[in-house]
Each structure stands twice: as structure tokens, then as C-alpha cells.
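>>> the following comprises the amino acid sequence and a computationally predicted model.
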Amino acid sequence: MPGYIEDRWTKTGPVDPETKKAPRVRTDLWGKCKRYRVCGIPGVRKRSFERKADAETWKSKTQADMLRGEFVDHRDGSMTLASYVATEYWPTRTGDPATLQTMESRINNRIVAFLGSQPLNTIKAPQLRRYLADLNDQYSASTVIETWGTLSAILQSAVDDEKIPRNPCHAKTLKPPSKPERKARAWTGAQVAAVRSGLDAHLRVMVDLGIGAGLRQGEVLGLSIDDIGEDVIHVNRQVRVVRNRLVFAPPKGGKTRRVPLPKRLAEQIAAHTATFPPVTATLPWVNPAPPENEKQAAERRPQTHQLLVTGERRQGAMRRSVFNEGPWKRALVAAGFIPEPPKRERTEADKARRASGNIKYAASPENGFHALRHTFASIQLDARESVVAVSQWLGHADPSITLKIYAHMMPEADGRGREAMDAWFDANLNGSP
């Protein structure tokens, strides 16, 4: 394979008339730089060395790596992780805007903040062990797992971009924590009723839709009166927040679906709309950023829907965070799930905060709106509804996901299998020993 070593300190001088030989003479670079430079390998930048033996070794290895298609110039890995993310990794990311926003925050706050100043080719197993320890000291296991996965994706991209030869996250001694198993819990009927009664009247239908159709919170907030059929609910959209702006978006996973509409739920919806007529809301579709071309303009064109659920002023769509930290937390207090917030009216600022409703309630992630969805699943499975059907109604990508989350809610075997087997023996073996 082509390639040679250049001596940068000397060059061939004029031919000596007596000896008929051309002696080596010093160049202007004598003593000013590394002496030996490997040149002439197609697709490989020149590289200099102090010793000729080192240059020979690198040339041979590089030629072999080029023939195998495995050559990586380690000098490309001298850029910092922060620089690589900003200039090469992040500008090429595409996908759901809300997901990208979450990912950007994770990268900035939990990756670049810790490792951003380090060159890519210096991030090795020892540095990552220290990094994992720092994450474990500050964040939950699930957060560490998500962060580790994102870092590994970034470094794998650097491998693919030929910045580094291998992904250090794959080292066998590096093990992020295991995600703790959390079993979905269903509420009792009394608990559901208590939370429902603790909500403002115009929001109680949210509980009805969560428990009666298994809708996610964003799907309830995005439900239109036009999505309610005679015996089915069409789950066509959700309300999300992207860059602090509300948007309509497809349900999770981009999958619309249909959910059976029980008679009693239909009556609850009818009673709600009779008292609180649907409110018109217009929001961008998926991405609130101004379009830069005709394709984006068509994809982001605002949509208008008649929403069943709106905020306290009955104007437009409701923010999930406003509901969760206000009406929902007050309902949890009324139902006895969390305590009353401490009363601190010592200053005028405290009084103003309490008057405005900006009160800090106790955290209760296990008693979020999603508990209603778990209860819906438990009711369906306890009634021995098909797991495939329940999976479709919940909008899961695969029934195995439903089984993984809700298998512990399925009723125990009650002897029907034994009876079926006895009948088979009687019919086929006539009970003979």
C-alpha cells in the first residue's frame, strides 16, 4: 500500500562533483519540529513523530487498518465532548420536538455539565466509573439509566464519525444501576370516588375518562366532542408542551386508536357537556416553531377542536402541569393521599402565594393521573378481557408490554384448566390407567 516516511530536518543537497553523491543537508526546520513524518497514505492525514521507529510502526498499522476499513485518526478525538455535541451530534438530531427538548435538557444538565470539557479521546472507563458514581449520588436509578443510554448514543455516534475507535460505555466493568421494579397499583372504587369529588366540577369528567376508557392525561386534555362516537371513543390526539407552548400531537407512539365507550361513561360525558359545553381551542400541530418551508408549514398547520376539558377560566386547552400541581393535588389532599401543605403565612409574600394558589404540595408520583389508567386495566383484566384487546385499548405497542406491566393484576387460575384436561383424558383415553 502507498506510504512513505519523510525526514523533515534534512533534504538531498547538490551532487558532489568528486564523489558523484548527493549529501543530506539541513532544512530550515532543523530542530524546530518532530523530525519524521508519515505521508502518502490515501485518505490519511500526515502525522509526525520524534523517532523513525515510531513512524514506521504507525505507518504499518495504519496501512493495515486502511486495508481492513478500520482506520480511525485519533487526532479527530481531541475535540471536547461539548464541542462535538454542539457542532456535530445535536444539529443532526430529528424527531418529535417534545422528545428532543427532553433529550437536550438531559444532555446539557447531566452529560455536558459533567464531561463536556473532556476531549473525546480521553473519556475512558476510569472517567466513566467516576461519572456513574457522581450520577448515582444525585439522581434516581431510572434517571441514571436514561442518562447513560444517551451518553452511550453520543459516543457511538463519535465512533461512527471516526472520532474515536470504540465506545467506552461498552466496557465490561461499567454497569449502570438496574431499574427498580415498580408494580402498577390500582385504586379502589372508594379512592377513585374520593379524588373525583375533590376536583372542581368541570374537571371531574377527567376521572371518568381515565377510569372508564384508560386514556392518558394528555389524551383526555386533547379529547374533542367530535371524538365521541355512539359506542366508541376515538383517541386521535393529545395536548403536549413543547418549548413552553401548548400543541396538539398524536397519541404516544404516534398511534391513534379506538376504545369502547361504556354506557355509564357515555352518560357521564353527556352530563358534563350539558353543564360545561365544549370549548374551541386552536393549537399548532406537533411543533410550535415558525415553519421554514412549505413542507413544515403544512405539517405544523394549527388545528381547531371542541375540547371537553379546559382550564378554570374555560378558555382554551389546559396545561398538564397546571392541573397536576393545582386541582389534582387539592383532590389528593381531600382524599387523604397526601397531607395538607404546611401553612406559612408569616410574610406578605407567603400570603400572596397562598392566595394565588401557588402552594407547594407533597410529591406523590405513585398517585398521579396514571393511577386511573392502571385501575382501568385492572378492571378489564379481572373481568378476563383479552390481553390483546386491553393492549389495543391502552395504546401499547405490543401485548407483551401490557403483560409486563399488569400481569400481577390478572386473576389466578381457578381450576378451569384442570377440568379441561380431565375432560380431554375422558374423551381420548377413556379414563384407562
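Perfect, I can see it now.
>>> quick one: the helices in the stretch 51-200 of the chain?
Counting by DSSP state H, counting those that start in this stretch, the stretch 51-200 of the chain has helices at residues 52-68, 81-84, 97-107, 113-115, 125-138, 141-160, 189-198.
>>> which strands and helices lie in contact with the fourth one?
Helices and strands touching helix 113-115, by 3 or more CB pairs under 8 Å, 6 or more residues apart in numbering; DSSP states H and E, are helix 125-138. Quick note: C-beta positions are derived from backbone N, CA and C, even for glycine.
>>> let me know the angle separating the helix it packs on from helix 141-160.
150 degrees (axes from the mean of the first three to the mean of the last three CA atoms, to 10 degrees).
>>> and helix 125-138, how far from the chain's centre?
21 Å (CA atoms, centre = their mean, to the nearest Å).
>>> for stretch 368-387, same thing?
For stretch 368-387, the distance to the chain centre is 25 Å (CA atoms, centre = their mean).
>>> ok, the closest residue to residue 328 other than its chain neighbours to residue 248 distance?
Sequence neighbours aside, residue 369 is the residue nearest to residue 328 in space, at 6.7 Å (criterion: CB to CB, 6 or more residues apart in numbering). Distance from residue 369 to residue 248, counting by CB to CB, to the nearest Å: 19 Å.
>>> compare those two (neighbour count), which wins?
With neighbours defined as other CB atoms under 10 Å, residue 369 and residue 248 compare such that residue 248 has more, 25 against 20.
>>> am I right that the more buried one sits in a helix?
No - the assignment for residue 248, made by DSSP: H, G, I helix; E, B strand; the rest coil, is strand rather than a helix.
>>> after the lowest-mean-pLDDT helix or strand in the chain, heading C-terminal, what element do we hit next?
Lowest on mean pLDDT, DSSP states H and E among the helices and strands of the chain sits helix 348-355, with a mean of 56. Downstream of helix 348-355, the first helix or strand assigned by DSSP states H and E is helix 370-382.
>>> any buried residues in the following helix or strand past that following helix, and which?
Using DSSP H and E, the helix or strand that follows helix 370-382 in sequence is helix 387-394. Across helix 387-394, burial judged by 16 or more other CB atoms under 10 Å covers 387, 390-394.
>>> and helix 387-394 with helix 370-382, angle?
150 degrees.
>>> now helix 387-394, how far from the chain's geometric center?
The answer for helix 387-394 is 23 Å, by CA atoms, centre = their mean.
>>> I'd say the residue nearest to residue 328 and residue 217 touch.
Yes - Residue 369 is in contact with residue 217 according to CB atoms under 8 Å; the separation is 4.2 Å.
>>> what touches both of those two?
Between them, residue 369 and residue 217 share these contacting residues under CB atoms under 8 Å, 6 or more residues apart in numbering: 206, 210, 323.
>>> need the pLDDT of the first one.
What it means is residue 206. Residue 206 carries a pLDDT score of 96 in this model.
>>> now residue 359: how far from residue 324?
In terms of CB to CB, residue 359 sits 13 Å off from residue 324.
>>> ugh, wrong one, residue 424
53 Å.
>>> kindly report the same for residue 84.
Counting by CB to CB - residue 84 and residue 324 are separated by 37 Å.
>>> can you pick out the residue with more neighbours from these two?
Per other CB under 10 Å, whichever of residue 84 and residue 324 has more neighbours is residue 84, with 23 against 15.
>>> my read: that one touches residue 121, true?
No - Residue 84 lies out of contact with residue 121 (CB under 8 Å); the separation is 10.8 Å.
>>> need the residues touching each of the two.
Common neighbours of residue 84 and residue 121 (CB under 8 Å, 6+ apart) are residue 163.
>>> domain parsing for this protein?
The record's domain split for the chain, according to automatic domain parsing, is 4-71, 77-170, 189-366.
>>> pipe those into TSV and attach distance to residue 376 per row.
Converted to TSV, these look like this (distance: least, CB to CB, whole Å):
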stretch	distance to residue 376
domain 4-71	53
domain 77-170	24
domain 189-366	4
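>>> quickly, which of those domains bottoms out on average pLDDT?
Among those, domain 4-71 scores lowest, at a mean of 86.
>>> so what's the gap between that domain and the chain middle?
50 Å.
>>> which residues touch the one residue sitting closest to the centre of the chain?
By CA atoms, centre = their mean, the chain has its centre lying nearest to residue 99, at 5.9 Å. If a contact means CB under 8 Å, 6+ apart, then residue 99 has no contacts.
>>> hmm, back to that, and the shared contacts of residue 369 and residue 217, which of them are in strands?
If you go by DSSP state E, these have nothing in strands.
>>> out of those, who's nearest residue 401?
Of all the shared contacts of residue 369 and residue 217, residue 401 sits closest to residue 210, with 18.9 Å by CB to CB.
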